[in-house]
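Undergrad: Sequence and computational prediction follow.
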Amino acid sequence: MKQMKSVLARVLVAAMVLGMLPMGQASESGAAAKVKLSAKKLTITKGKTKKLSVKNAKKYKVSWKVKSKKTATIKKSGKYAVKVTGKKAGKTTITCTLKKGKKSKKLTCKVVVESKNAVTSKPTPKATPVNTPVVTPKSTPTATPTATPEPTTPAMKEIFKGVIDNVGTCLTYNQTWNNRKEMQDANTMAFVDKNFNSFTLENEMKPDSMLSSHTLLPVADAKKAGYVIGDDYTETTVPQLNLATIEGVLKIAKEHNIRMRAHTLMWHQQTPTWFFKEGYQDDGAVVDEATMNARLEFFVRTIVRYVLDKEVELTGEAGSLVYAWDVVNEYVHRSNASTNPTWTSVYGDLGLQPTYVKAAFEYAYDELKKKNVQDKVTLFYNDYDTYFSVEDELALINYINEGEEAKICGGIGMQSHVDIRRPTLEEYGKALDAFLAAGLEVQITELDITINFDTDDTNGRTPTYAYKNEGETNDDQAAFTKDFIRLIADKQKNRDKKVSPKGITGITVWGISDSTSWRGDCKPPSWSGSCKPLFFTKKRVKDPQTNKYVYTYVPKPSYNAMIEALK
């Protein structure tokens, strides 16, 4: 995702390396191995979970306690570990008490919980509020009522018409950790219906969501359930996949006539560590390459085939609802805040020629080909800061496609978590030129544009990639947005259509409003300090027809600037 993650990654790695032995190994010295925690410090994003274990404690009775349950909670994971979940931004301490007879000792781990990647806070809207909310539900509402912008505001998908075909946002279906169920809220979907024709699930198709239950199925039962188990799969069990989420999401997509970008099949983050271990157990050793190859094939083929079959069931046509897949996410930035172990623990660091990444695309493409939709559905490699790593991005994609019958990786997703000062328009434009010249389909996949966001790396200073009051305003965001959108439209219009016949085929805004953006929780305690990354604010107003308070989305100056840019 973002440059900020690199900073977090260095903190995490430094904390976890201290005193940590390789998984499943004891000290090779003649002396007894020292009892110690796997980490002396954990940094966790609010809503996320990490594992903390005690090493060499088999002779002890182990108990755990967290000082502040409001900040973090713990749940036992086997005899010698707990899963730590961040609840509220702040600091706390976890104490591990070890008892052997009458003797006891205590080990402590400091825990820092950061709020949504520690970037931003909720804004104060400055635009004119909407007078009449629209409440025309298409499905049963289950969440707080919300309403669409005033009817006179042009819809986002309309202002991009003739320039970019797929105009989307990210949504939640049943995201339990922050209780967001936007796709099950009728009035939110009324806003989506008006403005977008595409969507991406924010988190719920990432590997940890697909593998959320940690339930193991016998291979025979899994095959009966439709799981794709290859001949090379030698294990007796497979993990159960959370396919119910996909089914529910696809049904809503059909009902609302909105297509989906599937995100993502492979990522070095948000993947359970047990997925890389023997027996799918937390305390297992890391598996070998052959075992992991078979697991990867099972995972990719099962999910892609399930989606294609479900589309046929719902609409009679494969490829009718999911038109793009992010097969792999952020491989170029694989060292950034990765889980441990992860893919490189199995395969090593293969540079820009990762065999397992290529294999993931081969499995997904083969499933598309079996349904004859390989020319209808595009497989993407998705990454952040692509404008600073153009050569690496292209080298990776060229490797994936090398020796294949077709471009199995047909597109690049440019996440575009940008700031009004970073990257420059020139840097972004050069990246677009390079990707279009390579004949790739380009999609802007996770767009947000921050203000008052610390990107200053001049004079040897290290940026914090967090809120910094630089006096930037909504009007500054609007001025940049106008130039940014105009740049994209110009690149699309003036590209060489013989080299890049599809060009830029999608733009996805990463959230509906500032209040739901992952970059919308700023450090300052008041709403006056915010990085305000999106194009709508959410405002509570009274509906004159019902005399009840509802939420409505108010377009910001940047939204009007977008309209001006595309006139």
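TA: Yep, that arrived. Residues are numbered from 1 along each chain as shown.

Undergrad: mind listing what the closest residue to residue 386 other than its chain neighbours touches?
TA: Setting aside the residues directly before and after it, residue 386 is nearest to residue 414 in space (CB to CB, 6 or more residues apart in numbering), at 4.8 Å. C-beta here means a position set from N, CA and C on the backbone, and glycine is covered the same way. Going by CB atoms under 8 Å, 6 or more residues apart in numbering, residue 414 touches 383, 386, 387, 431, 432, 435, 442, 443, 444, 445.

Undergrad: out of these, which are inside strands?
TA: 383, 442, 443, 444, 445 (DSSP state E).

Undergrad: And the helices in the stretch 201-350 of the chain, which stretches?
TA: Counting by DSSP state H, counting those that start in this stretch, the stretch 201-350 of the chain has helices at residues 207-210, 219-224, 243-256, 289-315, 343-347.

Undergrad: got a list of contacts for whichever helix or strand comes after the last one?
TA: Proceeding C-terminally, helix 343-347 gives way to helix 355-370 as the next helix or strand, assigned by DSSP states H and E. Residues outside helix 355-370 that contact it (CB under 8 Å, 6+ apart) are 265-266, 292-293, 296-297, 300-301, 304-305, 308, 319, 325, 327-328, 331, 343, 346-347, 350, 374, 377, 379, 396, 399-400, 404, 406, 408-409.

Undergrad: Any quick PyMOL command for the buried ones out of the residues you listed?
TA: A single PyMOL command selects the buried members of those (16 or more other CB atoms under 10 Å):
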select buried, resi 265+266+292+293+296+297+300+301+304+305+308+319+325+327+328+331+343+346+347+350+374+377+379+396+399+400+408+409
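
Undergrad: Tell me the confidence at the residue lying closest to residue 277 once chain neighbours are set aside?
TA: Nearest residue to residue 277 in three dimensions, chain neighbours excluded: residue 284, at 3.6 Å (CB to CB, 6+ apart). On pLDDT, residue 284 comes in at 96.

Undergrad: what about the helices in the stretch 401-550 of the chain?
TA: 425-437, 474-494.

Undergrad: What helices and strands are in contact with the shortest one?
TA: Okay, so that is helix 425-437. Judged by 3 or more CB pairs under 8 Å, 6 or more residues apart in numbering; DSSP states H and E, the packing partners of helix 425-437 are helix 390-401, strand 411-414, strand 441-450, helix 474-494.

Undergrad: can I get the CA coordinates of the longest one in PDB?
TA: Right, the one you point to is helix 474-494. Output of helix 474-494 as PDB, limited to C-alpha atoms (Å, rounded to 0.1, in the frame of the first residue of the first chain):
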ATOM      1  CA  ASN A 474      -9.800  21.600   0.900                       C
ATOM      2  CA  ASP A 475      -9.100  24.200  -1.800                       C
ATOM      3  CA  ASP A 476      -5.500  23.000  -2.100                       C
ATOM      4  CA  GLN A 477      -6.800  19.500  -2.500                       C
ATOM      5  CA  ALA A 478      -9.200  20.700  -5.200                       C
ATOM      6  CA  ALA A 479      -6.500  22.500  -7.200                       C
ATOM      7  CA  PHE A 480      -4.300  19.300  -7.200                       C
ATOM      8  CA  THR A 481      -7.300  17.100  -8.000                       C
ATOM      9  CA  LYS A 482      -8.200  19.100 -11.100                       C
ATOM     10  CA  ASP A 483      -4.700  18.900 -12.500                       C
ATOM     11  CA  PHE A 484      -4.400  15.200 -11.500                       C
ATOM     12  CA  ILE A 485      -7.600  14.100 -13.200                       C
ATOM     13  CA  ARG A 486      -6.900  16.200 -16.300                       C
ATOM     14  CA  LEU A 487      -3.500  14.500 -16.600                       C
ATOM     15  CA  ILE A 488      -5.100  11.100 -16.400                       C
ATOM     16  CA  ALA A 489      -7.700  12.000 -19.000                       C
ATOM     17  CA  ASP A 490      -5.100  13.500 -21.300                       C
ATOM     18  CA  LYS A 491      -2.900  10.300 -21.100                       C
ATOM     19  CA  GLN A 492      -6.000   8.200 -21.900                       C
ATOM     20  CA  LYS A 493      -7.000  10.300 -24.800                       C
ATOM     21  CA  ASN A 494      -3.500  10.700 -26.400                       C
END
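
Undergrad: any idea how far it is from the chain center?
TA: Relative to its chain's centre, helix 474-494 lies at 25 Å (CA atoms, centre = their mean, to the nearest Å).

Undergrad: what's it in contact with?
TA: Contacts of helix 474-494 (CB under 8 Å, 6+ apart): 126, 163-164, 418, 420, 425, 428-429, 432-433, 436, 444, 449-451, 503-504, 507, 532, 535, 556-558, 560-562, 564-566.

Undergrad: buried ones in that helix?
TA: 474, 476-478, 480-482, 484-489, 491-492.

Undergrad: likewise the third one?
TA: In terms of neighbour count (16+ other CB under 10 Å), strand 441-450 has its buried residues at 441, 442, 443, 444, 445, 446, 447, 448, 449, 450.

Undergrad: from what I can see residue 298 touches residue 238, true?
TA: Yes. The pair residue 298 / residue 238 is scored as a contact, 6.0 Å apart, by CB atoms under 8 Å.

Undergrad: Give the residues shared as contacts by those two.
TA: 227, 229.

Undergrad: Determine the number of other residues adjacent to residue 385.
TA: 24 (other CB atoms under 10 Å).

Undergrad: thought it was touching residue 336?
TA: No. Because the distance of 9.8 Å does not satisfy CB under 8 Å, residue 385 is recorded as not touching residue 336.

Undergrad: Reformat the contacts of residue 414 as TSV; add distance to residue 192.
TA: Output for those, formatted as TSV (distance: CB to CB, whole Å):
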residue	distance to residue 192
383	26
386	27
387	29
431	29
432	27
435	28
442	23
443	18
444	18
445	17
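
Undergrad: which one of the residues you listed sits closest to residue 246?
TA: Checking the contacts of residue 414 against residue 246 with CB to CB, the nearest one is residue 445 at 19.2 Å.

Undergrad: From residue 322, how far off is residue 377?
TA: 7 Å (CB to CB, to the nearest Å).

Undergrad: returning to that earlier point: any idea of the pLDDT on the residue nearest to residue 386?
TA: The predicted local confidence for residue 414 is 98.

Undergrad: Bridged to it, which residues?
TA: residue 383, residue 444 (DSSP bridges).

Undergrad: Show me the shaky parts of the chain.
TA: 1-32, 116-151, 521-529 (pLDDT under 70).

Undergrad: Most distant residue from the centre of it?
TA: residue 102 (48.2 Å; CA atoms, centre = their mean).

Undergrad: Look up how far residue 396 lies from it.
TA: Distance from residue 102 to residue 396, by CB to CB: 59 Å.

Undergrad: can you check residue 71 too?
TA: Distance from residue 71 to residue 396, by CB to CB: 39 Å.

Undergrad: same deal with residue 325?
TA: In terms of CB to CB, residue 325 sits 16 Å off from residue 396.

Undergrad: What of residue 255?
TA: As defined by CB to CB, residue 255 lies at a distance of 37 Å from residue 396.

Undergrad: which residues touch residue 418?
TA: Residue 418 neighbours (CB under 8 Å, 6+ apart): 428, 447, 448, 449, 450, 484.

Undergrad: one step back: of the helices of the stretch 401-550 of the chain, which approaches residue 88 most closely?
TA: Comparing those by CB to CB, helix 474-494 comes nearest, at 28.8 Å.

Undergrad: got the angle between that closest one and strand 441-450?
TA: 170 degrees (axes from the mean of the first three to the mean of the last three CA atoms, to 10 degrees).

Undergrad: Helix 474-494 vs helix 425-437, what angle?
TA: Using the same axes, to 10 degrees: helix 474-494 against helix 425-437 is 30 degrees.
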